[in-house]
Structure formats: C-alpha cells, structure tokens
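**Student:** could you look at this predicted model? Sequence included:
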Amino acid sequence: MSLFNIFNISGSAMSAQSVRLNTTASNLANAQNVGSDEASTYHARQPVFSSVMQSLQRNDTASVGVKVDDIVESQVPLGKRYQPDNPKADDQGFVFLPNVNTMDEMANMISASRSYQSNVEVLNTSKQLMLATLRLGQ
C-alpha cells in the first residue's frame, strides 16, 4: 500500500462524515416541524456507509475507503398530537410530529464530528511522517 493511499482513505472517511453531519443537521432543523398528514411530515434520515476496496494494478494489495451508499428514511412511527387550533391540524384536530429523536441526533453529531476530527489528525500525522522521511536524506 502506498503512503499516498492514506490520504485517499482518510479523505473518503471525512467526506462520509460530512454527509453524516449534514443529515444530522437536517434532522435537527426539522425536529419541530409539524405536518397535516404522514406523507407531508418530515421523516428522520440516516446515511448508509459501506467499505470500498479497489485493487491496485501493479500488485495485489488493496486500497480501502468509505462510500455513502444511500440516505434512508427512518421507519419509526410519527408522533401525533391533538392541536385543533393549529392551521396544519387534520379534520380530527391532530398534527403529525417528525420521528426525530433530538438526543440521538446530538450523540450522532458528536460522534460524526469526532470521527471527522480523527481523520484530520490521521492526515496531519501522515504528512508529518512523510516530511520527516524526506528530511532523512539531507
């Protein structure tokens, strides 16, 4: 494995964590939006990741990375609240609440930002090690 593959691997992981942060931010932004029916109410979304293996042409070693396969909607049932004075209430006076759990989303956001930060550290350490290796020849 080439040392330059470290940058590709860490870069793909940072990109995936960026998608994770964006979906979490979207979920938190829509956590309090109510809807008049299940179809129009916001559903929480989560990214699905997979590992990517690409074989190199010159040898049998492989480069690994992270790929975002899809962003799926949560299947958790929506909440229902009786608010007959709400303009979005249905005929029976109910509004539908998104299935976003703010505590889970905050934990998810902290985890994603820590993972992103760890990958930045991997990049910086790899760069410093490469520079130190180049200085050996001086």
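**Tutor:** Thanks, I have the structure now.
**Student:** from the centroid of this protein, which residue is nearest?
**Tutor:** By C-alpha atoms, centre = their mean, the chain has its centre lying nearest to Arg20, at 1.0 Å.
**Student:** and the gap between that one and Met53?
**Tutor:** The gap separating Arg20 from Met53 is 21 Å, by C-beta to C-beta, to the nearest Å. C-beta: built from backbone N, CA, C; applies to glycine.
**Student:** mean confidence for the lengthiest helix in the chain?
**Tutor:** The residue-count maximum for a helix in the chain (DSSP state H) belongs to helix 102-135. Mean pLDDT, computed over helix 102-135, is 94.
**Student:** picking up where we left off before, nearest residue to the residue nearest to the centre of the chain in space, ignoring adjacent ones along the chain?
**Tutor:** Excluding its sequence neighbours, the residue lying closest to Arg20 (C-beta to C-beta, 6 or more residues apart in numbering) is Ala112, at 4.3 Å.
**Student:** and for the closest residue in space to Asn30 that isn't next to it in sequence, the neighbour number?
**Tutor:** Distances taken as C-beta to C-beta, 6+ apart place Tyr42 nearest to Asn30, at 4.1 Å, with adjacent residues excluded. Residues near Tyr42, counting by other C-beta atoms under 10 Å, number 21.
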